[in-house]
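*Asks:* Output the structure for:
(2 chains)
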There are 2 protein chains.
Amino acid sequence: MSILAVGSVAFDTIATPAGHVQNVLGGSATHFSLAASYFTDVRVVAVVGEDFTAEHEDVLKKRGIDTRGIEHATGKTFRWGGKYLENLNEAKTDFTELNVFESFKPRIPAEYKDSEFLFLGNIHPALQAAVRSELPHPKLSGGDTMNFWIQGTRKELVHTLKLINVLLINDGEAKMLAGDNSLPRAARKVLAMGPQALVIKHGEYGATIFFRDGTFGIGTHPFRAPALPIEEVVDPTGAGDSFAGGFMGYIASQKELNREVLKRALFYGGVMGSFAVERFGTERMQSLTRDEIDARFRVFRELSHLE
Amino acid sequence: MSILAVGSVAFDTIATPAGHVQNVLGGSATHFSLAASYFTDVRVVAVVGEDFTAEHEDVLKKRGIDTRGIEHATGKTFRWGGKYLENLNEAKTDFTELNVFESFKPRIPAEYKDSEFLFLGNIHPALQAAVRSELPHPKLSGGDTMNFWIQGTRKELVHTLKLINVLLINDGEAKMLAGDNSLPRAARKVLAMGPQALVIKHGEYGATIFFRDGTFGIGTHPFRAPALPIEEVVDPTGAGDSFAGGFMGYIASQKELNREVLKRALFYGGVMGSFAVERFGTERMQSLTRDEIDARFRVFRELSHLE
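*Replies:* Sure, this is the predicted structure:
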């Protein structure tokens, strides 16, 4: 089944302890789509500028991603620059040039309207809500957000949270959104705001999915997928979007939506996030095979599996 | 089989967001012994002052712990005071009064010499080495340490690391000891210093055990036990020692020492750590039942278990 992904396409300039790159293809829609493309059909809605060439678009097309929803606007593509110091979990932003992204109004092509799954990448929550309203009956909708929106556009975000099934955020974002420093309490408060399930990403410690009472009829016990300890993290940029792509992509590839599928999806999210950080930008996400993905899934499974 | 535990006995004054207590029984040997006592016979070596009453000793005796190795010295028992602010993973020390602990020279009673397992709690590494030399052939020896010894007595600590089979420390201690900010790289460096296995405790994210090549003949893949997300952490003091008590206690209760036993031990460590934080001081560790422990073990097992 197909996923419609909306988000940013960007050119990133990144420095990490492992090196640095300039103007490499990035953005939430890019990372998400590439990761999800290993599991299911992906359609992307985003905006790019005149500096986005056919060669850039080919990175997505080669993975079979439908790029008809990418709007080509006059001006430059969104650019972001940042560095990761010793703590690879946190980026220090050097510059943000919104460019064509500043006036982005997502337009959903008619051919995309039959998408069964929807992922609202990290963009203004009012835009997320607008996209959601154009695809009124997805089998499952997921969304991401960040500190910037939690602090700056809380009212719009609270509205959007009522429109999505699964929110995927990290520890710091969950605590900030709930105003609570206890992760399980924060989870409960976020679930009370709307989504039926909440995925909290813990970086190298994996991720936990929390369920609202009675959701999907699959019980309320949380589930945690561990992550592989990675020796050489080259570039954490896009790890969260790649996680979301693996998570949503795996769900969309399954006939049923039940607790076991969501558990496996959480593992596949961790798998795709762990691959993403092995190279700069989208490099690793362009060259994977399904065999490599499933081999790492088995390693992750063994990592915490008792006989 | 029996474990000999050496460490501190203390009176702790603790403030957390959940409340505060004064001069409650604590210390590494106390927390460790109580946790391990649910699995196996425990013998404790420590020093206390005149303020340590028969009532205090009964807390240990009621759990069947052999207290003949507790030396009663003239003066006051070790006292520690600290508070936990919003970040419950880190204590801010208000005061440390070493008292009788300052001149502690562990003496191993003759009746303890046949102990099959040894745990060297968080004391001066030179004292750990001295105890280890008095029990030359344990089936397994475990040890703990902390930032204070890593920075202040590195030479002695490096010597002690060659004498123990399993080191149990937390993320920050592992990174500091190895001088490396990548956890798996830090693990490899610490293992090169001596121990055959390294348990790194991640607080609410669980713990990972790393193995040196060929150790125990059980492969080198790390194993990770997740932890239960706890809503109300009342008091984190002693969680690490309770983890170690569950880990070592479970191992000592098993006939064989293989990878599966170590994996289960890691889960039992997490179980005991998670109980420890539910009440102030040793309160929760005094009143558990093996049924409660095994029920939580099953919850932890389900937490990350794929069919």
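*Asks:* what about the longest helix belonging to chain A and chain B, touching?
*Replies:* The single longest helix within chain A, with elements called by DSSP state H, is helix A:259-276. Yes - using CB under 8 Å from any CB of the partner chain, helix A:259-276 reaches chain B at A:260, A:263-264, A:267. Every residue, glycine included, has its C-beta placed from N, CA and C.
*Asks:* what's the distance between residue A:167 and residue A:74?
*Replies:* Noted for residue A:167: a distance of 34 Å to residue A:74, by CB to CB, to the nearest Å.
*Asks:* hmm, back to that, counting neighbours, which of the residues of helix A:259-276 next to chain B comes out on top?
*Replies:* residue A:267 (26 neighbours; other CB atoms under 10 Å in any protein chain shown).
*Asks:* next SSE after the helix or strand that contains residue A:45?
*Replies:* Assigned by DSSP states H and E, residue A:45 belongs to strand A:41-48. Counting by DSSP H and E, the next helix or strand C-terminal to strand A:41-48 is helix A:54-61.
*Asks:* Tell me the buried residues in stretch A:47-60?
*Replies:* Buried residues in stretch A:47-60, defined by neighbour count with 16 or more other CB atoms under 10 Å in any protein chain shown: A:47-49, A:52, A:56-57, A:59-60.
*Asks:* right, I mislabeled it, should have said stretch A:177-184
*Replies:* A:177-178, A:180, A:182-184.
*Asks:* Which secondary structure elements does the longest helix of chain A sit against?
*Replies:* Applying 3 or more CB pairs under 8 Å, 6 or more residues apart in numbering or on different chains; DSSP states H and E, we find helix A:259-276 packed against helix A:28-36, strand A:197-201, strand A:207-211, strand A:223-225, helix A:239-252, helix A:283-286, helix A:290-303.
*Asks:* which residues sit against the shortest one?
*Replies:* Under the contact criterion CB atoms under 8 Å, 6 or more residues apart in numbering or on different chains, strand A:223-225 has outside partners A:206-209, A:259, A:262-263, A:266-267, A:269-270, A:300, B:226, B:229, B:303-304.
*Asks:* CSV please, covering the residues of helix A:259-276 next to chain B and showing pLDDT.
*Replies:* Formatted as CSV, the residues of helix A:259-276 next to chain B follow (pLDDT from 0 to 100):
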residue, pLDDT
A:260, 90
A:263, 93
A:264, 96
A:267, 97
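*Asks:* The nearest residue to residue A:237 once chain neighbours are set aside in helix, strand or coil?
*Replies:* By the measure of CB to CB, 6 or more residues apart in numbering or on different chains, the closest residue to residue A:237 outside its immediate chain neighbours is residue A:14, 5.5 Å from it. With DSSP: H, G, I helix; E, B strand; the rest coil as the basis, residue A:14 sits in strand.
*Asks:* Which residues are in contact with residue A:14?
*Replies:* Counted by CB under 8 Å, 6+ apart, residue A:14 has contacts A:20-21, A:24, A:81-84, A:235, A:237, A:280-281.
*Asks:* quick one on the thing from earlier: the strand holding residue A:45 pairs with which strands, parallel or anti?
*Replies:* If you go by DSSP bridges, strand A:41-48 pairs up with strand A:2-6 (parallel), strand A:66-72 (parallel).
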